[in-house]
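*Asks:* 3D model of this:
(one chain, ligands or ions: 2)
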Amino acid sequence: MSNKTIAFIGTGNMSYAIIGGMIKSGFAPQSIIATNRNEEKLAKVAADFNVRTTTNNITALKEADVIVLSVKPQMMAQLCDSLQTANVDLSNKLFVSVAAGITVARLQDMLGQPVKMVRCMPNTPSLLGLGVSGLFAQEISAEERDFVEQVFSSTGIATWVETEAKINDIIAVTGSSPAYFFLFMEAIEEKARTLGFDAEQARALVQQTALGAAEMAASQPEISISQLRANVTSKGGTTHAAVEHLKSHNLHTTVADAMDACISRAQQMEQEL
Ligand SMILES: NC(=O)C1=CN([C@@H]2O[C@H](COP(=O)(O)OP(=O)(O)OC[C@H]3O[C@@H](n4cnc5c(N)ncnc54)[C@H](OP(=O)(O)O)[C@@H]3O)[C@@H](O)[C@H]2O)C=CC1
Ligand SMILES: O=C(O)[C@@H]1CCC=N1
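*Replies:* Numbering: from 1, shown residues only. Ligands and ions are numbered 1, 2, ... in the order given. Okay, here's the model as predicted:
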């Protein structure tokens, strides 16, 4: 494991998940600094993962070799401004931004100098070591690339993309998509409730089925996902009735359109922020 120190500036949902995945896979807690403006959020991160915490972003900035910018996109300019005015030499630091919709050029503009920058698009299952992270960088050393890859592959799968524009595609495919699956689970859970299952039963039934379906796919990569679906679908049977209903309501097109909406929003944010 590298002896670099990594700081997460703005440790909310996403950075909490990344730190959790890192700790689970064996990163030393003392090599990780988490910041937040909210003491209570930091107390939870410290209690859960035993990492170092501070409400002072500049202390973390000074100490860390790698700085993960993890505030909401709309708060990034204000954060970068405060880092820039701290008068710390940023030239030897490696920055990683997990924010959607802010380009490397814009981040450098916000920081007021051409720092070394990696764009990363992770997702929240990183907490369990089941995350996916898309990575993009230019002009960083092989050692820096290796370190970033080590961090994000410790939380699941990490994959480099060739162009920065591909990060927006990664948002649609993996960054935002846990929410699509949760939405589908919510819909099944809600219907189970209307069928008379109590809240606990409805939750248990839907989550076990989702877990089982994902595990079926993961444990049998030689079987296509559509074949796994076909294996549940008896000709003229119950599943067929349900699946045909979903297809006749354009499920595939709806999902594809939703993913396009996700990409368009990222592109729009690049113009706005
Ligand atoms: N959530 C997700 O699934 C994913 C998120 N991302 C990206 O990750 C980033 C963070 O998202 P998420 O974790 O969901 O957001 P959160 O709001 O949960 O986390 C950001 C945290 O940073 C705190 N904060 C804001 N400004 C500062 C500051 N100047 N100094 C210290 N702390 C600060 C916020 O405080 P407060 O609570 O007071 O606002 C908040 O607790 C976003 O840019 C998003 O695009 C990327 C992939 C997936
Ligand atoms: O919704 C968002 O904008 C962030 C980026 C990907 C997941 N959450």
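
*Asks:* can I assume Ile23 is in contact with Ala46?
*Replies:* No. Under the criterion of CB atoms under 8 Å, Ile23 lies out of contact with Ala46, with a separation of 11.7 Å. All C-beta atoms are positioned from the backbone trio N, CA, C, and that covers glycine.

*Asks:* more neighbours: these two, which one.
*Replies:* Ile23 (19 against 14; other CB atoms under 10 Å).

*Asks:* how about the nearest residue to the more buried one, chain neighbours excluded?
*Replies:* The spatially closest residue to Ile23, leaving aside those adjacent along the chain, is Phe49, at 4.7 Å (CB to CB, 6 or more residues apart in numbering).

*Asks:* equivalent analysis for Ser154, please.
*Replies:* Leaving aside its chain neighbours, Ser154 sits nearest to Ser25 (3.9 Å; criterion: CB to CB, 6+ apart).

*Asks:* give me the neighbour count for that neighbour.
*Replies:* Burial of Ser25, expressed as a neighbour count using other CB under 10 Å, amounts to 15.

*Asks:* hmm, Gly156 and it touching each other?
*Replies:* No. Because the distance of 9.4 Å does not satisfy CB under 8 Å, Ser25 is recorded as not touching Gly156.

*Asks:* SS state for Phe8?
*Replies:* Of the three states, Phe8 takes strand according to DSSP: H, G, I helix; E, B strand; the rest coil.

*Asks:* element containing the closest residue to ligand 1 within the stretch 51-200 of the chain?
*Replies:* Closest approach between the stretch 51-200 of the chain and ligand 1, counting by CB to the nearest ligand atom: Ala99, at 3.3 Å. Taking DSSP states H and E as the definition, one finds Ala99 inside no helix or strand.

*Asks:* name the nearest residue to it, ignoring sequence neighbours.
*Replies:* Pro73 (4.6 Å).

*Asks:* residues contacting Gln138?
*Replies:* Residues in contact with Gln138, defined by CB atoms under 8 Å, 6 or more residues apart in numbering, are Val104.

*Asks:* any idea how far it lies from Glu63?
*Replies:* Shown here: Gln138 relative to Glu63, a distance of 26 Å by CB to CB, to the nearest Å.

*Asks:* report how many residues lie close to the residue nearest to Ala99.
*Replies:* When neighbours are defined as other CB under 10 Å, Pro73 has 17 of them.

*Asks:* make 191 the starting number, not 1.
*Replies:* Got it, first residue is 191 now, which makes that one Pro263.

*Asks:* got the phi and psi for it?
*Replies:* phi -50, psi -40 (degrees, to the nearest 10).

*Asks:* okay, which residue is most central for the protein?
*Replies:* Of all residues in the chain, the one closest to the mean position by CA atoms, centre = their mean is Asn313, 2.0 Å from it.

*Asks:* and whichever strand or helix holds Ala432, average pLDDT?
*Replies:* In this structure, Ala432 sits in helix 428-438 according to DSSP H and E. Per-residue confidence for helix 428-438 averages out to 98 on the pLDDT scale.

*Asks:* next: stretch 202-215.
*Replies:* 98.

*Asks:* about what we covered before: contacting residues around the residue nearest to Ser344?
*Replies:* Applying CB under 8 Å, 6+ apart, one finds that Ser215 lies in contact with Gly319, Ser344, Thr345.

*Asks:* spatially nearest residue to the closest residue to ligand 2 within the stretch 291-440 of the chain (excluding sequence neighbours)?
*Replies:* Relative to ligand 2, the nearest point of the stretch 291-440 of the chain is Gly365 (3.6 Å; CB to the nearest ligand atom). Spatial nearest neighbour of Gly365, chain neighbours left out: Met311 (4.5 Å); criterion: CB to CB, 6+ apart.

*Asks:* got the contact list for that neighbour?
*Replies:* The contact partners of Met311, by CB under 8 Å, 6+ apart, come to Val288, Ala290, Ser323, Gly324, Ile357, Ile360, Ile361, Thr364, Gly365.

*Asks:* redo that, cut-off 6 Å
*Replies:* For Met311, the contact set (CB atoms under 6 Å, 6 or more residues apart in numbering) comprises Gly324, Ile357, Ile360, Ile361, Gly365.

*Asks:* do Leu251 as well
*Replies:* Here Leu251 is in contact with Leu273, Val278 (criterion: CB under 6 Å, 6+ apart).
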